[in-house]
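Trainee: what's the 3D shape of this:
(one chain, ligands or ions: 2)
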Amino acid sequence: MELMEQICKLTDELEPHMLEIRHQIHERPELAFHEFETSALVKRELERMQVPYEESPCRPGIVAVVDSGKPGKLLMLRADMDALPVQEKTGLPYASKTPGVMHACGHDVHTSNLLTVAEILNRTKDQWSGKVKLVFQPAEEHGGGGREMIKAGLMEEVPDACFALHVETGKKGILAVSTGYLTAYSDGYTLTVHGKAAHSSTPEAGTDAIYIAASIVTALHGMMSRNLSPMEHSTLNIGLISGGSAANIIADEVEMSLMMRNLSKEARDVMCSRIEKLAQGIAEAMGGSCDCDFHPGYAAVYNDKEFSGFVADTFRKHEKLLYGNFSWEQPKEWLETGEAPLLGAEDFGFYSQKAPSCMIWVGVCEDASKHSPEFCVDESYMKLCTRAMAMVAAEYLSRG
Ligand SMILES: [Zn+2]
Ligand SMILES: [Zn+2]
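Mentor: Ligands and ions are numbered 1, 2, ... in the order given. Alright, predicted model coming up:
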């Protein structure tokens, strides 16, 4: 039997087990860096399949390897394991048993899907070459588990390509493969303005930190329209400001927190440099000073042109098998390639900084959005995730 047909048969065969595993993970959601039960389940499953794995020094991450034993490329496949601080309201029989914690972003689907892909690749490894690393990472939602695993050595052997998928609310059964920036750089600053306290009756004796802060706020919003190209997709939000102690006292300190999102590194660099120059320059000109603390957040996910093109071509080439024998009908416009980038953040961005990468969206529900208490994946679409990922891997590693 041809490899791709065999993969489809295996996805059919393994579907009931995959759903069972998904229900177990869904029932016991765990927050960022606390995914120990989930990680134990991943290890048990890998042992059952006899797929070797290592525990990452960034706990409780797991890296499994399926090696064909033949020379070839190294492909990395990634799933995230963490849940969110959300009280589930789906009413599902396998709804979360942990109050206030829920798999509201579908990472339970990603984990059970990657386990199934591991089993499929392990059973077919005589038919492709090279090897696959399967990454089960903690803390995508909060804390940058991907970045921490990379710091702990995940990419010491640099993969030829990295692939991941994310389940999405939208048209069910759609595969969205775009090229270029997919999500944004998300970074923050804390600006602390220092002035000098004085009584309000003698303003000449003090330096008003609130007045300085107000000038900085105005200047930063002006910067957005004057220093960035209108073609850039960037946002800046000063979402927190505090300072002062009483109406008749000139404030000596104000703290402001801001968040910025950028789709390109160039725009991000411009914003960082302008924010610091404006804040410090304005504060000094007005007799005070300003400390600028940069808080780097997630890197933008960048879908490599060539690899993403290959992913889309693989889907086109195997469309019939990909969408064969489902209980639902294949959508007419099943492959979307011109998706506009989102200004959200995803820590797969750290992978895409190290190796040519591609992250795709798979439509699995149509009503509630991700991160909401009603987010509910239509499980009859999970097999599409498995086929998509296993086919990309098999096609990539069969090319020699
Ligand atoms: Zn999320
Ligand atoms: Zn997510």
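
Trainee: let me see the ranges of the strands in the stretch 1-150 of the chain.
Mentor: Remark: strands assigned in the stretch 1-150 of the chain by DSSP state E, counting those that start in this stretch are 53-55, 62-67, 74-80, 131-137.

Trainee: deepest-packed of the ones you listed, please.
Mentor: strand 131-137 (a mean of 26; mean count of other C-beta atoms under 10 Å). (Glycine included, C-beta is placed from N, CA and C.)

Trainee: CA atoms only: put that one into PDB for me.
Mentor: Extracted in PDB, the C-alpha atoms of strand 131-137 (Å, rounded to 0.1, in the frame of the first residue of the first chain):
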ATOM      1  CA  LYS A 131      14.100  11.600  11.600                       C
ATOM      2  CA  VAL A 132      11.300  13.400  13.400                       C
ATOM      3  CA  LYS A 133      11.600  15.200  16.700                       C
ATOM      4  CA  LEU A 134       8.200  15.500  18.500                       C
ATOM      5  CA  VAL A 135       8.100  18.400  21.000                       C
ATOM      6  CA  PHE A 136       5.500  18.400  23.800                       C
ATOM      7  CA  GLN A 137       6.100  21.800  25.300                       C
END
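
Trainee: and that strand, what does it pack against?
Mentor: If you count contacts as 3 or more C-beta pairs under 8 Å, 6 or more residues apart in numbering; DSSP states H and E, strand 131-137 packs onto strand 62-67, strand 74-80, helix 107-123, helix 145-151.

Trainee: now do that strand against helix 107-123, angle only.
Mentor: Counting by axes from the mean of the first three to the mean of the last three C-alpha atoms, to 10 degrees, strand 131-137 lies at 160 degrees to helix 107-123.

Trainee: can you pull out the helices in the stretch 301-400 of the chain?
Mentor: 305-317, 319-322, 349-352, 382-398 (DSSP state H, counting those that start in this stretch).

Trainee: quick check: which of these is nearest to residue 18?
Mentor: helix 382-398 (6.6 Å; C-beta to C-beta).

Trainee: what comes up buried for that closest one?
Mentor: Buried positions in helix 382-398, judged by neighbour count with 16 or more other C-beta atoms under 10 Å: 382-397.

Trainee: closest one to residue 116 out of these, please.
Mentor: Among those, and counting by C-beta to C-beta, the member closest to residue 116 is residue 386, at 5.0 Å.

Trainee: so which residue is smack in the middle of the protein?
Mentor: Taking C-alpha atoms, centre = their mean, the centroid of the chain lies closest to residue 346, which sits 2.3 Å from it.

Trainee: please name the residues that touch the nearest residue to residue 182 once chain neighbours are set aside.
Mentor: Take residue 182 and drop its neighbours on the chain: the residue closest to it by C-beta to C-beta, 6 or more residues apart in numbering is residue 301, 4.2 Å away. The contact partners of residue 301, by C-beta atoms under 8 Å, 6 or more residues apart in numbering, come to 181-183, 346, 348-349, 352, 357, 359.

Trainee: filter those down to the ones in strands?
Mentor: Judged by DSSP state E, those include 181, 357, 359 as members of strands.

Trainee: neighbouring contacts of the longest helix anywhere in the chain?
Mentor: Of all the segments of type helix in the chain, defined by DSSP state H, the longest one is helix 3-27. Helix 3-27 has contacts (C-beta under 8 Å, 6+ apart) with 1, 38, 41, 45, 81, 92, 94-97, 103, 108-109, 111-113, 115-116, 119-120, 123-124, 127-128, 318, 321-322, 324-325, 379, 382-383, 386-387, 390-391, 394-395, 398.

Trainee: starting at the chain centroid, how far to it?
Mentor: From the chain centre to the centre of helix 3-27 is a distance of 23 Å (C-alpha atoms, centre = their mean, to the nearest Å).

Trainee: could you check the angle helix 382-398 makes with it?
Mentor: Using the same axes, to 10 degrees: helix 3-27 against helix 382-398 is 130 degrees.

Trainee: give me the buried positions along helix 3-27.
Mentor: Under 16+ other C-beta under 10 Å, the buried positions of helix 3-27 are 3-4, 6-8, 10-11, 14-15, 18-19, 21-23, 25-27.
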